[in-house]
Every structure is written in structure tokens, then in C-alpha cells.
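*Asks:* give me the fold of what follows.
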Amino acid sequence: SEQLVELLADPNAWQRRMAQRLISERRDLPNANTLHGETALHRLFKDGPNLDARLAALWTLHSSAGLDEGVLDKAADDKEPAIRAWSARLTGERGFWLNATFDRLHKLTKDADPSVRLAVAIAARQFVSGTLTVNTPPTIPIREAVTGGLLSGLWFSSSDAKDPVLPFMIWMALEPIIAFDPLHALGFYATDGAEKQWPLSGILLTKIMRRVCDLGDDARLNDAVVAFGKISESAPNPLLAGLRGLIEGQRGKANAPGKEALAVVSRLAASTHPEVAQSARQLATLWGDAASLKATLVSAANPNAPVPDRVRAIQTARASKNPSVRDAMLAIVGSDNPEPVQIAALDALGELGGNEIADELLRRWKTLSIGARTAAANAMASRRRWALPLLAEVKAGRISASDFGPAVIRNLVNNRDNDVREQAKIAIGRFRESDADKTALVAAKRRVALTGEPDLQAGREVTERVCLVCHKLHAEGQIVGPDLTGVGRSSLDSLLWNILDPNQVIGAGYEQVEIETRDDRVVAGRLVEDTDARVRLLLSGGKEEVIGKTDIRSRRMLESSVMPEGLGEMPDADLRNMLWYILAPPQEGPLTPDKRERLSHTGGQASANAATTVTDRESLALWNPEWRLIAPDFEGSPSKLPEYHGRANVLLTHPFNGEKPAALERTLVIPADRSFALRVAVAAHDQGDWNLRVLADGKPIHESLVDHDSPRWRTVSVDLKAFSGRTVKLRLENAANNWSWEYGYWADLKIEESGLVSK
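*Replies:* Residues are numbered from 1 along each chain as shown. This is a model prediction of the structure:
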């Protein structure tokens, strides 16, 4: 075991980890079982040759039950920040409620190194919750928690909030205490609003007020708002921070605090500070104050007010669910207002509901802008009794489904309501291409991208309109989907597959969740928040939907990405310009011929499809393990398809070029007294054909044309009787015919015994 201690100083990390595990299992070092005994681990921690060795010794002392408070005290005074940080971390891991423990941690709250203070915050969290990431009961009740001194120390030493992680971990340590007693923490703000500890104090105050709302206890909310109201009106920053948390907490499901809380907010609504007054009126509107609601609706309808202010006013008013709001939103939609204002009003109408809304929106349809029509269609698609009249107008030819956008069309044709789904199929038609068509679509659009010169300025405009409503690219756009700056555009093929087949690979966290509310509304988007009180979805354009948990009737995960299909229907010029702008934005330098060639080249990874199947040759080999696959990575092939025109487990291949075929090979030993036959089912692409060639020891024994005429699948049988008693190398080739959609589809490849050979 003492030799294992020496290995803790080994430069090889594996050696160190194995030594630590074995020492921790054995627990037999000399002096390990004596009171305050000094072992080889203690000596290595004290005098180790490097930081890695000393850390390994400290960790092993902990895992082998040899760590004591004296060692942690020494670690807290160490010159190395990593050692000091682990002094705090291991203190939290041990969870001993001792005065010396908190003295040590409190000293570390003043450490100049933020990593050490972060470790203290993590330790403080471990004293108030049994786990780091979710709230579970701590070892002692919260009311006996004595972490206030630690949090105060961090409050003063980390108030600049320059570290993006530290404020969050301080909040994680504070949150269980706030859930138990929010009034105690609010006392820190009563006099000057804790402006000396800004901006950390503002970050925490916003979270405190938001957390109080999420408790769902109107009485506790009332008391918290009264305590918050003691902040001086000469401190506008903390007042704004607290109001921001209260407003955020009311989204989805507003509380009903008492008269005292309403009086505080009414007083703040009269503040001489315009932002404080505006936020207070917004909160009062959410709480049903008639005067505030009226003022909010006036702001929403004011044509001279800035557009962002009008949009915020609409978003505030919609949460009140008041009939007067519905009338005001209809008036905004029916007037000559800026498109963002109309879209916000249409979104509000979708949430508010009402039987007459569908008729009103259809009556105004031709006066709406393109963006407003998409918003109107989105609102109407969310409710069955609105979707059916909308589809009736499409069927009658008075409205074009091209106004809807692909996300709305997908919502309609995949609707959970049978009537809506069937009427959408009649009015709109088939929307999603089959899996087999995807490869052809990508190939066709690849040719579009490579034909003609792109206009990058026009591409920017298309990208802003089509892509940046959900994605970011070099800090521009929304965060509904992944940031395109770093993913999805390594090559033309990768980008095409991500655009044209978004459901092929759905990144974790980007699945689409569908919520049905108790008032018959259906909303689908990316789930970004799920608490006991509410859920929050991100929709196209960065629009948010916040729904209280009590308002949810059902919820399901859809087998589709948040990103809609149908972008392949864009005009060719728009698609070409958009593709090349995304591939080569100006922030990354000009689109030179060399860059275009490099981005166009498949480079062995032809597509996102190829990235998930072609590069996994081991998986492809399992399609028929006795056969060796020889095929290029070409626009999504080779790959295994679960189904193609009625056949399951299909292999897709494509020739290398016009002269070099793709192939399947195996060596077969045929007994002298038996006869065998090769059988395989083959098919062609919907728009192509190819030559099937079968060779034995390099000599052709069968050749035929595989085309897309009926019947789609045909079974080819080749007699191998002539090779009885021999070892033969068989080769099946997918060879080009006229280099047009030369994809080969293979299924049920077998060598079957056909009988005895007569002597």
C-alpha cells in the first residue's frame, strides 16, 4: 500500500487513479487507524513533488476515511488555489456541522481566487440540500441551517459578479433558504437596496422574487412584496430588479396577493422613475388592477409609442385574460399598425381564445402583411374550432396555404385532432417527403447550390427571414435552435441534410414538445423550462409561451424537431443564396473559389445522413455480416433504411463514378455434393436505374437492368451449381447505367441450398 502511495505521484493519470482506488479499498496504511496518525498519504500531501500528486493524496485521504479537520485547515491556508478550493469542496462533501468547519469556509469566502469562492458556494449548497442539482432533504432541517455567514461573505466578496458561474452557485446555495423563509433575505435590501453589492445583489433579488412567486402561496407572496416595498424609492436599480422577478414569476399563471401587496405596487406605479413606474404598472395589470390594465391597453394602442414598448404592453395585457383585452387586440390587428405590433396582438388572441376570433381574423386576412398572416395562421392552428374554418378557406381557394409557413402546415397535417388532420390533407395535400425521397431531394438541391453564382447580400436577407428567426449566426438571431456559428454547416452536404431533413437527427434539448391546455389550445415548441409551477416553450421567432402547470391538460414529446420541414420548396435562387451565406458569412472572410471548392467537397462525409450512418461502417457491416461492402460515401449512401417501398432492412448504395461500381463481396465454399443459388431482391430509385452485375472469380455470370417501373422490387436468382466443390469469390455490383439517380437498393440477400448434385 505504501508503494501505491508512491504511484500517486506518477505522471500517468491512470496509474494515479488506480492507486487511489486500491488504497481506498484496502484502508491498511500504517498509522491509518490511530488517532490523528500521520500516514504516507499525509506526507505526500504535505511535501508532494507537484500539484497533481498533492491533490491525489488529498482526494485519497478523503476516499479512504483518513481525512480530518486539521488536514483541511492546512489545505485552506495552502499557497495553491486548487488545494484551497478542494479544502472547501471536501468540507461540503463531509457535511460535518462544526464551528471549525464554518470558520474555515468563512475565511475562504474572502479568497482572491474565484475558483475558491465557487467551491465555498458549492459547499454551502451541500449543507442545505442532499444533492447539488435538485432539492432533497439536507442532513439537518433548513431552519437550523447556519450558512448565512458563508453567503454573506460571498455576497460582499463577489458582488462584482464578473464570474458567470459564481452568482448562479451562490443562488443555488440560497434557494432552499428562500423557499423556506424569503423575508429574512429581503431584510438585506430594506435600507439602501444593497446597491453597494451591485450587480450581484440585483441578480439575487430578481431570483428571490421570482422564487417567491413559484411557491404558489398568495399569503407569502403578499408578505414578500410588503417587505420588498421597504426599499427606498431613491434606489431604482433594486426596485427594477425585484419588479422584474415578480413579473417573470407571474407569467403563465398569475397569483392573487393581498391588498397590502397591491398598495405597494400602486405606490411604485406612481414613481418618478419612468422604468420603475412602467414595470409596476405591468405587474399591477397582471394582478388585475383595472386602472393599470386600462393604461397598459392605451400604451399598446398608441401609434406614437415606440414599437418595443407597445409589444411589451400587449404581452402584459394578454396575461390578464380580460375580455376588454381581446377587443383591444382585434382593434390593433384591424388597424394600420407596424407588423411587430400586429404579430404580438395576434399571438395574444391565440392565447385569449374566443369563438368569434376565427371569423374576425379571416375577415381581415387580405389586409394582413405576410408576417402577420403567418402569425394569424399559427394562432388559428392552435385551436380546433379555429383551424377548421381556416382550412375551409384554403380548400375553397380564398386563402393560400403558402401564407402559413412550414411550421404551421406541419402543425395542421400532423394535428392530434382527426378532423383537423383529415381536412388539412384535403386542403393542403401531402407535406412530408418519404425517407427515400430525402436522398433525391438533397442531391437535387445540391445541384441547385452549385449552379450559378450566389448573391451573398440577398442570401443575408433570406437567412434573416428564414433561419435567424430560430438560430443565431455570429451573435445575430434567436436561440430556439442550435447556434449555427459552430454546428451544422461544416460542408454544403451537411447543411443541406440539416435543412431538408431536420428530423433525421434531433439534438438533445431540441425535441418538440406539444402542450394541450384546458381551454382547448395546442402549442408546440422547444421546452426550455419545466418547474412545479409552469412550463416555458420557445417557438419560431424567439417567441415564448409560458403555461401554468394547472392549465395543462396533456403533454407529449413529438417525434420531430422544432425546425420545420418544407424549406426545399424555396425558389432556387433564394435557396442558393441562403446556403452560401450560411456557409461563408462575411465575418469569416470572402467566399473565394478555394473556399467554395472545399465546402462543396464531400470529403468522405457527404451529409448529415452520412455522418450518422456512412461513417459507422461497423453498423453497416451488420446488414449482412458475411458480405463485405465496397461503396463510397455519396449523398447519404451507403446507409441502412428501415423500409423502402414495402421492404424492410434495406441497404442503399451508389457507384463511385460512371466506371467504378459499388459492390458486395464474399468468399463461398460450396460442397461437392450440393447445389446452391444466390438470391437477392433489388430496386431502383424513383427517378433512376442501374446495372446489376454478378461475378464469380471475376467473371460475369449475370447482368440485368434494375429500373423503377412496376413491380418496384424484383428478386434475382443466380444458379451456382457450376461451382460445386469449389471455393468461389462472389461479387455483386451496383454499376452506373446513364449516371442518373444510380442508387441501388438491396434486400434479402441469401445463399440458399437448391438440391443435391447428381453424380
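*Asks:* now the nearest residue to Glu545 once chain neighbours are set aside: how far from Ala427?
*Replies:* Take Glu545 and drop its neighbours on the chain: the residue closest to it by CB to CB, 6 or more residues apart in numbering is Leu537, 4.5 Å away. From N, CA and C alone the C-beta is placed, and that goes for glycine too. Per CB to CB, to the nearest Å, Leu537 is found 26 Å from Ala427.
*Asks:* okay, those two: which has more neighbours?
*Replies:* Leu537 (23 against 19; other CB atoms under 10 Å).
*Asks:* hang on, Asp359 packs against Leu388?
*Replies:* No: assessed by CB atoms under 8 Å, Asp359 is found out of contact with Leu388, at 12.0 Å.
*Asks:* and the two? Which one has more around it.
*Replies:* Leu388 (16 against 11).
*Asks:* and stretch 679-689, what's buried?
*Replies:* For stretch 679-689, a neighbour-count test (16 or more other CB atoms under 10 Å) marks 680-685, 688-689 as buried.
*Asks:* typo on my end, stretch 196-212
*Replies:* Buried-residue list, stretch 196-212, by 16+ other CB under 10 Å: 197-198, 200-212.
*Asks:* and what of stretch 527-546?
*Replies:* Buried positions in stretch 527-546, judged by neighbour count with 16+ other CB under 10 Å: 527, 533-541, 543-546.
*Asks:* which stretches of the stretch 451-600 of the chain have low pLDDT?
*Replies:* 486-490, 503-509, 541, 559-562, 564-566 (pLDDT under 70).
*Asks:* just to revisit the earlier point, closest to Gly646 out of the buried residues of stretch 196-212?
*Replies:* Nearest to Gly646 among the buried residues of stretch 196-212: Arg210, at 54.9 Å, using CB to CB.
*Asks:* OK, contacts around that closest one?
*Replies:* 245-246, 248-249 (CB atoms under 8 Å, 6 or more residues apart in numbering).
*Asks:* and what of Ala317?
*Replies:* Per CB under 8 Å, 6+ apart, neighbours of Ala317: 285, 293, 296-297, 300, 325, 328-329, 348.
*Asks:* that one sits in which helix or strand?
*Replies:* helix 307-318 (DSSP states H and E).
*Asks:* for Thr285, give me its contacts.
*Replies:* 292-293, 295-296, 316-317, 319-320.
*Asks:* any chance of these in CSV with distance to Pro711 and pLDDT as columns?
*Replies:* Formatted as CSV, these follow (distance: CB to CB, whole Å; pLDDT from 0 to 100):
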residue, distance to Pro711, pLDDT
Ser292, 71, 82
Leu293, 68, 84
Ala295, 72, 86
Thr296, 67, 87
Thr316, 63, 85
Ala317, 62, 86
Ala319, 60, 77
Ser320, 63, 74
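*Asks:* determine which two of the residues you listed are furthest apart.
*Replies:* Ala295 and Ala319 (15.1 Å).
*Asks:* isn't the residue nearest to Glu545 right up against Thr517?
*Replies:* No: applying CB under 8 Å as the test, Leu537 and Thr517 come out as separate, 11.7 Å apart.
*Asks:* mutual contacts of the two, please.
*Replies:* Common neighbours of Leu537 and Thr517 (CB under 8 Å, 6+ apart) are 523, 547.
*Asks:* Val480 falls within a strand, correct?
*Replies:* No: with DSSP: H, G, I helix; E, B strand; the rest coil as the criterion, Val480 is located in coil rather than a strand.
*Asks:* for the contacts of Ala317, pick the one with the most neighbours.
*Replies:* Thr285 (30 neighbours).
*Asks:* can you pull out the helices in the stretch 351-500 of the chain?
*Replies:* Remark: helices assigned in the stretch 351-500 of the chain by DSSP state H, counting those that start in this stretch are 357-364, 370-381, 384-396, 406-413, 418-427, 435-450, 456-466, 492-500.
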